[in-house]
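S.K.: here is my input; please provide its structure:
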Amino acid sequence: MSGQWLVNWDDYRFFLAVARSGRLSTAGRQLGVDHATVGRRLRALEAALGARLFDRSPQGYQLTDAGQRLVDSAETIETAVIGATAEIGGKDRVISGAVRVGAPEGVAAYIIAEAATELCRRHPQLELQIVALPRTFSLSKREADIAIAVSAPEAGRLKFRKIADYRLHLYATRAYLARHPGIATVEDLKKVRGIGYVPEFIYDKELDYIPLISPTIKPHLTSTSVHVQLAATLADGGLCVLHDFMAAQYPQLVKVLPGEVSFTRSFWFIVHEDYARLERVRVVSDGIVDYMRRRLLAPQEGVAERLVG
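M.R.: Numbering: from 1, shown residues only. Got it, this is the predicted structure:
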């Protein structure tokens with residue numbers, strides 16, 4: 001494949017998007033074009049290199065041996081392009097372009113959305129994309145430029161730092177507790193409805209709270225979404241482990257057994273080392289981390305500290 005260096009960088013960009021996603025449609029959405037354009041660019045690249053880069057099937061696009069070898073070269077070029085963009089773009093203080101932030105739903109809705117609004121107000125040409133999903137994000141596959149996670153990464157070309165700790169407690173509405181009085185011990189929790197995550201869809205061990213309260217407790221209203229769990233709790237549906245920064249927004253919520261049920265977890269900031277040099281990524285990173293620290297380290301008000309009655 002000695003002729004590969006003569007190929008337009010855009011061809012490699014399309015190739016990497018398909019290699020990472022495995023689908024033309026997904027790559028097209030990431031690149032802002034339709035799937036037919038992606039397919040056309042791939043065929044042109046294969047013709048230019050004289051090699052088949054993917055095996056096509058109904059399940060998607062799988063790299064051939066030649067395609068796998070090309071990934072390394074294409075990523076080397078990608079890193080060089082990003083580096084050049086960072087060096088030249090850093091001289092221009094107008095922050096513009098897209099930055100994608102992947103984050104858990106709760107912190108995305110209650111803190112990062114506020115940070116993003118502040119950043120966009122400060123930098124009108126900045127385009128922020130917040131991907132709020134209950135899952136981990138692969139920065140090597142460019143699913144996001146920045147990730148906020150509840151665990152530090154263990155491998156990869158990643159830069160990361162701890163943002164801050166946050167607290168979680170068991171909550172219920174005053175109305176639900178009025179109908180179910182007498183919760184004085186962890187054992188009493190077996191008498192009421194628990195709300196939590198669907199166990200087999202818990203994507204990070206740090207979120208598996210219920211067994212830590214008691215291995216004999218099983219929630220009977222579960223969801224993969226913390227927003228659904230919160231909504232069920234607010235609808236007087238039962239007791240749920242919630243972030244203090246979320247619960248503080250709802251005066252009808254009360255902490256239940258705060259001395260016995262209390263968790264401390266951490267948020268981590270993660271960025272791929274290639275993208276860490278980009279000015280717009282640095283600005284968004286610093287803005288989100290600083291805002292999250294201000295919010296998480298501030299006293300949480302508005303929620304009763306203990307169950308009375």
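
S.K.: what's around residue 118, how many residues?
M.R.: The number of residues packed near residue 118 is 14, by other CB atoms under 10 Å. Yep, even glycine has a C-beta here, placed from its N, CA and C like the rest.

S.K.: tell me who's in contact with it.
M.R.: If you count contacts by CB atoms under 8 Å, 6 or more residues apart in numbering, residue 118 has them with 287, 291.

S.K.: now do residue 196
M.R.: Neighbour list for residue 196: 209, 210, 219, 221, 222, 229, 240, 241 [criterion: CB under 8 Å, 6+ apart].

S.K.: for residue 39, same thing?
M.R.: Counting by CB under 8 Å, 6+ apart, the residues that residue 39 touches are residue 24.

S.K.: which strand or helix spans it?
M.R.: helix 35-49 (DSSP states H and E).

S.K.: helices or strands up against the very next helix or strand once past that helix?
M.R.: Downstream of helix 35-49, the first helix or strand assigned by DSSP H and E is strand 54-57. If you count contacts as 3 or more CB pairs under 8 Å, 6 or more residues apart in numbering; DSSP states H and E, strand 54-57 packs onto strand 60-63.

S.K.: out of the contacts of residue 196, which end up buried?
M.R.: Taking 16 or more other CB atoms under 10 Å as the criterion, what is buried in the contacts of residue 196 is 209, 210, 219, 221, 222, 229, 240, 241.

S.K.: model confidence for the first one, exactly?
M.R.: What that stands for is residue 209. What the model reports as pLDDT for residue 209 is 95.

S.K.: same check on the fourth one?
M.R.: The predicted local confidence for residue 221 comes out at a pLDDT of 96.

S.K.: can you give me the distance of the closest residue to it other than its chain neighbours to residue 165?
M.R.: Of all residues not flanking residue 221 in the chain, residue 195 sits nearest, at 4.7 Å (CB to CB, 6 or more residues apart in numbering). Applying CB to CB, to the nearest Å, the value for residue 195 to residue 165 is 24 Å.

S.K.: show me which of those two is the more surrounded one.
M.R.: Counting neighbours by other CB under 10 Å for residue 195 and for residue 165 shows that residue 195 has the greater number, 26 against 11.

S.K.: can you name the next helix or strand after the host helix or strand of that one?
M.R.: Per DSSP H and E, residue 195 falls inside strand 194-196. Reading on from strand 194-196 to the C-terminus, the next helix or strand found by DSSP H and E is helix 210-213.

S.K.: the next helix or strand after that next one - contacts with which helices or strands?
M.R.: Sequence order places strand 221-222 as the next helix or strand after helix 210-213, per DSSP H and E. If you count contacts as 3+ CB pairs under 8 Å, 6+ apart, strand 221-222 packs onto strand 194-196.

S.K.: sheet-wise, list the partners of the strand it packs on with their directions.
M.R.: strand 221-222 (parallel), strand 239-243 (parallel) (DSSP bridges).

S.K.: tally of neighbours for residue 259?
M.R.: Count around residue 259 with other CB under 10 Å applied: 9.

S.K.: secondary structure class of it, three-state.
M.R.: Following DSSP: H, G, I helix; E, B strand; the rest coil, we place residue 259 in the coil state.

S.K.: can you count the residues close to residue 275?
M.R.: Residue 275 is flanked by 23 other residues according to other CB under 10 Å.

S.K.: wait, what's in contact with it?
M.R.: If you count contacts by CB under 8 Å, 6+ apart, residue 275 has them with 82, 139, 145, 146, 281.

S.K.: what is the burial count for the nearest residue to residue 273 once chain neighbours are set aside?
M.R.: With CB to CB, 6+ apart as the criterion, residue 273 has its nearest non-adjacent residue at 4.8 Å, and that residue is residue 157. If you count neighbours by other CB under 10 Å, residue 157 ends up with 12.

S.K.: now the one 4 residues further on
M.R.: Applying other CB under 10 Å, we find 11 residues neighbouring residue 161.

S.K.: so for whichever strand or helix holds it, what gets flagged as buried?
M.R.: Assigned by DSSP H and E, residue 161 belongs to strand 158-173. Neighbour-count burial for strand 158-173, counted by 16+ other CB under 10 Å, picks out 158, 159, 163, 166, 168, 169, 170, 171, 172, 173.

S.K.: can you get me a residue count around residue 200?
M.R.: Using other CB under 10 Å, residue 200 has 7 neighbouring residues.

S.K.: and it, how far is that from residue 128?
M.R.: Remark: distance between residue 200 and residue 128 (CB to CB) = 32 Å.

S.K.: contacting residues around the residue positioned nearest the centre of the chain?
M.R.: With distances taken as CA atoms, centre = their mean, residue 103 lies nearest the centre of the chain, 2.4 Å away. Counting by CB under 8 Å, 6+ apart, residue 103 touches 112, 130, 131, 132, 147, 148.

S.K.: and it, what are its bridge partners?
M.R.: Beta-bridge pairing for residue 103 (DSSP bridges): residue 132.
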